[in-house]
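J.: Using only what follows, build the 3D model:
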Amino acid sequence: MSKNIFVVGLDEENLSVLRRVPGAEDYRFHQLLTVEDLQEDTVSVPALIARAERQLDEFDGEIDAIVGYWDFPSTLMVPILCERHGLRSAPMEAVVKCEHKYWSRLIQRSAIDEHPAFGLLDLEDDDPVLPSGMSYPVWIKPIESYSSEGAHYIDGEERLREALESERETVDRLSGPFRALLDRFDFPEEIVSVTDRMCLVEEAATGYQMTVEGFCKDGEAVTYGVVDSITYEQAPSFLRYQYPATRIDQATQDHMCDVARRVMVAVGLDNSTFNIEFFWDPDTETLALLEINARHSQSHALMFEHVDGVANHAYMLDLALGRRPTPRTGNGRYGVAAKWFVRSFTDGVVARTPTDAEIAACEREIDGVRVHVTVDEGERLSAGFGEDSYSYVLAEIFIGAADERDLTNKYSRCLDALPFEIDEVSDPETLDTMGPEHDTDEQGHA
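T.: Here you go, the predicted structure:
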């Protein structure tokens, strides 16, 4: 009989990938809430869980798995729903340890040396200063957030005061709902003392940004791929994610994977995929862990399918169904794959997007290409939800290629085939100060 698998925030693009994983002919995928449901201006996890429960209760059949690949609140909803229905998932406390940025840093400090200096700032402090021993430049971030929301690059005291005002608004929207879930845990004293009027501050890392993907099963952490995150030359916004990584040698990648495995065992994550973002500075040969995510990256799914022959979604499904995943490498049609981000670095109103016919022609004429336009005609770019602080995504282009030269040539052809027009506005919004670090976008458009 077919397995009924409910996917929190299931969307059409990921559904098409899920239907191609090994064994998919035996799966029936059901949408559990929409992506838009997860993006409400004021996130209410209890309300979302109640809506999800009503949908599950109305389902006439056996529920075999509940999974998700989005950030908060999906990462916290999945273990709650699985516990209520007797299904496999990650331990809730381990997920919270990943999501709570300060708690995560404390665990990292106990298990590894490869992390930046960090501390806390009081959002209500009228005269804020960096924690003792820290120096500019730094990043400030909410204790709980996703994408790059609330992340500010700070290069001095004046900029710090300005950023804290914006940070208060983000914390009001996200940290309150997150805090409401924490009452079920017995926290160490250093976490109990962290209020939702505090934010994380950490020294800025530099170098190449990379992502290690893996899974945890029966107390063991396994890594199955390293992805390059390559930015535009003129800004820290991502130009593309590329798999497999090529900018660092194998020995460095092996070290990165070893650090990832050690920290995930320390966190206690199990029955779950994960991805960890790192910076590798080739000049100082220094590795710094940026962030732990208690889920795999759906942004990488098609890349893994292109190169390895199976999307990383397959590992998520195996774990949810009680199977130990078997990593696969190099069994796909292409030698390299990337997710490219077409961006505008100025605000404006979208006057023209590629037509359906133009997109279809591009995908038909250029092998290994899939196009997702993320804006609509008439839309004000700055009104979009979940963008980073200094650019606006117009489209995402997935490309599989023989090698990196073929990859960039295909991308250039796509740009020529997919015209956008952006009208300038008379009151452009000021973009945030650019810095050398940018968090992976896993909510909304990504």
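
J.: alpha carbons only for contacts and neighbour counts from here, please
T.: Noted.

J.: wait, what's in contact with Glu285?
T.: Not one residue lies near Glu285 by C-alpha atoms under 8 Å, 6 or more residues apart in numbering.

J.: Mind pulling up the pLDDT for it?
T.: With respect to pLDDT, Glu285 scores 95.

J.: just Pro128 next, same as before
T.: 85.

J.: Distance check, it against Gly368.
T.: Separation of Pro128 from Gly368 (C-alpha to C-alpha, to the nearest Å): 51 Å.

J.: Give the residue from the two that has the larger number of neighbours.
T.: Gly368 (18 against 15; other C-alpha atoms under 10 Å).

J.: Next one: Val425 from Cys98, what distance?
T.: Using C-alpha to C-alpha, we find Val425 at a distance of 40 Å from Cys98.

J.: more neighbours, those two?
T.: Between Val425 and Cys98, counted using other C-alpha under 10 Å, Cys98 has the larger neighbour count: 25 against 12.

J.: Just give the nearest non-adjacent residue to that one, would you?
T.: Ser104 (5.3 Å; C-alpha to C-alpha, 6 or more residues apart in numbering).

J.: And the helices in the stretch 51-200 of the chain?
T.: Under the criterion DSSP state H, counting those that start in this stretch, the stretch 51-200 of the chain contains helices at 74-84, 92-99, 101-111, 157-181, 189-192.

J.: Let me know which of those helices is tucked in deepest.
T.: Ranked by mean neighbour count, those are led by helix 92-99 with a mean of 21 (mean count of other C-alpha atoms under 10 Å).

J.: outside of it, which residues touch it?
T.: For helix 92-99, the external contacting residues (C-alpha under 8 Å, 6+ apart) are 72, 75-76, 79-80, 103-104, 144, 185, 267-269, 292-294.

J.: now that helix: how far from the chain's centre is it?
T.: How far helix 92-99 lies from its chain's middle: 16 Å, per C-alpha atoms, centre = their mean, to the nearest Å.

J.: With stretch 13-25 instead?
T.: For stretch 13-25, the separation from the chain centroid amounts to 20 Å (computed by C-alpha atoms, centre = their mean).

J.: Downstream of the lengthiest strand in the chain, the next helix or strand is which one?
T.: The longest strand of the chain (DSSP state E) is strand 220-231. Reading on from strand 220-231 to the C-terminus, the next helix or strand found by DSSP states H and E is strand 238-243.

J.: what helices or strands is the helix or strand that that next one is followed by leaning on?
T.: Counting by DSSP H and E, the next helix or strand C-terminal to strand 238-243 is helix 250-267. Packing contacts for helix 250-267, counted by 3 or more C-alpha pairs under 8 Å, 6 or more residues apart in numbering; DSSP states H and E, involve helix 92-99, helix 101-111, strand 208-217, strand 220-231.

J.: where in the stretch 1-150 of the chain is pLDDT low?
T.: The model of the stretch 1-150 of the chain has pLDDT under 70 over residues 40-43, 144-149.

J.: and with 80 instead?
T.: Applying pLDDT under 80 to the stretch 1-150 of the chain picks out residues 39-44, 143-150.

J.: one step back: could you redo the helices and strands packed on helix 250-267 as JSON lines and give each row distance to Thr346?
T.: Supplementary listing: the helices and strands packed on helix 250-267 in JSON lines, determined by distance: least, C-alpha to C-alpha, whole Å:
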{"stretch": "helix 92-99", "distance to Thr346": "31"}
{"stretch": "helix 101-111", "distance to Thr346": "31"}
{"stretch": "strand 208-217", "distance to Thr346": "24"}
{"stretch": "strand 220-231", "distance to Thr346": "17"}
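
J.: quick one: which of these is nearest Phe274?
T.: Ranking the helices and strands packed on helix 250-267 by their distance to Phe274 (criterion: C-alpha to C-alpha) puts strand 208-217 first, at 5.4 Å.

J.: average model confidence for the closest one?
T.: The model assigns strand 208-217 a mean pLDDT of 97.

J.: quick one, that strand and strand 220-231 angle?
T.: Put simply, strand 208-217 runs at 160 degrees to strand 220-231, going by axes from the mean of the first three to the mean of the last three C-alpha atoms, to 10 degrees.

J.: and strand 208-217, which strands flank it?
T.: In the sheet, strand 208-217 lines up against strand 220-231 (antiparallel), strand 272-281 (antiparallel) (DSSP bridges).

J.: ok, the first helix or strand past the last one going along the chain: who's next to it in the sheet?
T.: Same thing as strand 272-281. Going down the chain from strand 272-281, the next helix or strand is strand 286-293, by DSSP H and E. With DSSP bridges as the test, strand 286-293 is paired with strand 272-281 (antiparallel).

J.: which residues are contacting the partner strand?
T.: When contacts are defined by C-alpha under 8 Å, 6+ apart, strand 272-281 is touched by residues 89-90, 205-217, 256, 260, 286-297, 315-316, 319-320.
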